[in-house]
Structure formats: C-alpha cells, structure tokens
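Visitor: Generate coordinates for the sequence data below:
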Amino acid sequence: MSTTATSPTPDPAEPGAGTGPVDGQGGRPARLIHTEVTTEIPVHLLFRDEAAPAPVPSGSAVVARRPGTGEQPRLRHRAAGAVRVVPEVEAGLEERAARVLPGAVGVAAGGAGTAGCVLASWWGGALPSLVAGVPRLPDVAGAGPGLPQWAACAGAGALGLAGFAGLARGCAGRAWVLGLFGRYRGTVRRTGLLWVNPLASRRRVDVRLRHWRSDPMPAAAADGVALRVAVLVVWRVRDTARAVLGVDDHETYLRACVEVALARVPVEPPGAGRNPVEAAEGALTRLVARETAPVGLEVFSVRPARVEWAPEAAGAVPESPREASP
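Guide: Numbers count the residues shown, from 1 in each chain. Below is the predicted model:
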C-alpha cells in the first residue's frame, strides 16, 4: 500500500500565508526578486501632526487624519512638567509712564477760570458794588444775568475746577498709579507739583526699599521636628502696575509666599552645628523671589531672624530660643 503525503493548506489568517515559497531560514518567505531590499518604516511616520479643527479638552491635543488615507486620529497628551506653577498676570500689564503736565499749567488754568467767573458775574450785573467805579455795558445795565453770562460763567468755572482739581504733589519714593474708566493709564514717579487728569483715579504706592519682620511662623527642620521661625524680608515694588492691579493686596501676597516657603525649606533647629541663616537664607530668597516676580515685587533677601522650637516639640527637645547670628 502506498501513502501519498500532502502539504497542508495555508491558512489565510496566518501572517505570511500565500506570500510565496518559504526558505529554510526560520520560516521566512523566500524573496521572489533577489535584488529587493526591505526597509522598516517607523509607525510615527504614518501620522502627520496637524491642528485639530474642533476644540479639544485641556491637557491634550488631537492630531487630525489625512483625508483618503484611512489614518485614524490619535491623542497626544502633553507632558505634566509643561504646566507652570507660577501664576500668570494679565498680558500687557506692565508699568509705563503716565502723561502729566507741570503744576504751573494747573495753577494758570485755575486762576484763569476764577477770573473768568468774576468777569462773567460783572458782565451780568451780579457784582455792582465791587466794580462801582467801572461803567457796565449799556445793553445789560439794569438787567439780570442772561444766557450768555451764565454760559461764560459755567465755562470759566469748569476751567478753574479742572485746573485746581488736577494738581498733585509727587514725592520721592512714592508713585501714583492712574486709571481712567477702568483702564490703566500709567504710573507717575515724578516729584514736585504736577497736573494730572482730574477724572483719573489715583492709587498711591510706596516704591522705597522696605523690610518686614514677620511674626513666628510654622516651619520644620530637616528631620521633621516642628519649629517656629521669624524672618526678615527686604523687598520693594519694582512694577507698580502689576503690584496694584495684578493682585488684590501685594503685601498680603508676599506674606503668604514667605509662609509657603518656610513650609517647603527645612531650617536648622537651635543648637545645630550649622548656622540657620546660612542654611536656609539662600533657598528661601530664591523661592520667594520666583513666586513674587510675576506680581511686580523684587525680593532681595529672606533671612531667618529667630528660630525656636514649636510648643508641641519644646517638651521633647528642651532648648531656649536664640537669635540668628548675622
């Protein structure tokens, strides 16, 4: 009896089925053309990064597919490190010089307005006793003030009021932040007598170098022991527009930033080998300066002035409080 061996029929679902003869090297399909070269194409080259026409949720971007290619859109997530921790202030809100005039212009306008009111009253016959020796115009003699006299008096009064109401005194170390109908119109850092638009709102800002010593704030040592630290902060307002309009209260914001920095930076406890000022001053200054820069504040130093144990840790580690050495 003879037996005939038959080869199995290739399954179309299997990879490489029906692609041709198979050689003896690991079951790889034999090349029909001996000069052919196979090149691997990376998968990411099959897609093209294009902006999606429809809005997408925050934190992700959709890459659209090319029409007629059968490509499917894929979702690309943004890196978490790209999110900024420091808050952004309104774009374009930066300090600029406001347009003001010398104070002599306001004084001259106020004097001219006052003189105009007096002349208009005399013209209308309201001041006969003051100018008894000067003859009045014949057409208004014995008549009361008319429409021309009232109009002249109103115009002169408005000129005088605008001249005197716009006078302002600029002092060294202080600035005026001006706003008109809700818009920022500039900052006045000039000194002396000035004339400012009387319709503009004025907010005075101290731009001198200032220092602030805080009350004892909670902190922690490197080993986690609770401390109480009072710091001395040397700072000033660098950008008045951002300091006044970019935050509700820049002094309160500075205190909050110092408190957060103390919670993040370890401080050497009393009696430690290293000086607590040298150990924490640099890190505290850099952290607070970075957090307050967007609101127009310039921080020069954040120096621990007094370090003591917290009440809950004083019983476990009895130490007397000490002043940080300069």
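
Visitor: Which parts of the stretch 101-250 of the chain are helices?
Guide: 103-123, 147-165, 240-245, 250-264 (DSSP state H, counting those that start in this stretch).

Visitor: how far away is the closest residue to residue 186 other than its chain neighbours from residue 188?
Guide: Computed as Cβ to Cβ, 6 or more residues apart in numbering, the closest residue to residue 186 that is not its neighbour in sequence is residue 98, at 2.7 Å. In short, each C-beta sits where N, CA and C put it, glycine included. Applying Cβ to Cβ, to the nearest Å, the value for residue 98 to residue 188 is 5 Å.

Visitor: Can you work out which residues contact both of those two?
Guide: 176, 178, 196 (Cβ atoms under 8 Å, 6 or more residues apart in numbering).

Visitor: didn't the last one look like it was pressed against residue 188?
Guide: Pointing back at residue 196 there. Yes. Counting by Cβ atoms under 8 Å, residue 188 is a contact partner of residue 196 at 6.8 Å.

Visitor: Next, show the common contact partners of these two.
Guide: Contacts common to residue 196 and residue 188, judged by Cβ under 8 Å, 6+ apart, are 98, 100, 168, 176, 178.

Visitor: Of the shared contacts of residue 98 and residue 188, just say which sits nearest to residue 217.
Guide: residue 176 (33.4 Å; Cβ to Cβ).

Visitor: Quick check: the gap between that closest one and residue 255.
Guide: Applying Cβ to Cβ to residue 176 and residue 255 gives a distance of 25 Å.

Visitor: neighbour count winner among the two?
Guide: Taking neighbours as other Cβ atoms under 10 Å, residue 176 and residue 255 compare with residue 176 leading, 24 against 16.

Visitor: tell me the contacts of the more buried one?
Guide: Neighbour list for residue 176: 98, 168, 170, 187-188, 196, 202-205 [criterion: Cβ under 8 Å, 6+ apart].

Visitor: For those residues, could you give me JSON lines that also reports neighbour count, pLDDT and distance to residue 292?
Guide: Shown next, in JSON lines, are the contacts of residue 176 (neighbours: other Cβ atoms under 10 Å; pLDDT from 0 to 100; distance: Cβ to Cβ, whole Å):
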{"residue": "98", "neighbour count": "23", "pLDDT": "92", "distance to residue 292": "24"}
{"residue": "168", "neighbour count": "21", "pLDDT": "93", "distance to residue 292": "29"}
{"residue": "170", "neighbour count": "17", "pLDDT": "91", "distance to residue 292": "26"}
{"residue": "187", "neighbour count": "22", "pLDDT": "95", "distance to residue 292": "19"}
{"residue": "188", "neighbour count": "23", "pLDDT": "95", "distance to residue 292": "23"}
{"residue": "196", "neighbour count": "23", "pLDDT": "94", "distance to residue 292": "29"}
{"residue": "202", "neighbour count": "14", "pLDDT": "93", "distance to residue 292": "24"}
{"residue": "203", "neighbour count": "13", "pLDDT": "93", "distance to residue 292": "19"}
{"residue": "204", "neighbour count": "13", "pLDDT": "94", "distance to residue 292": "20"}
{"residue": "205", "neighbour count": "17", "pLDDT": "94", "distance to residue 292": "15"}
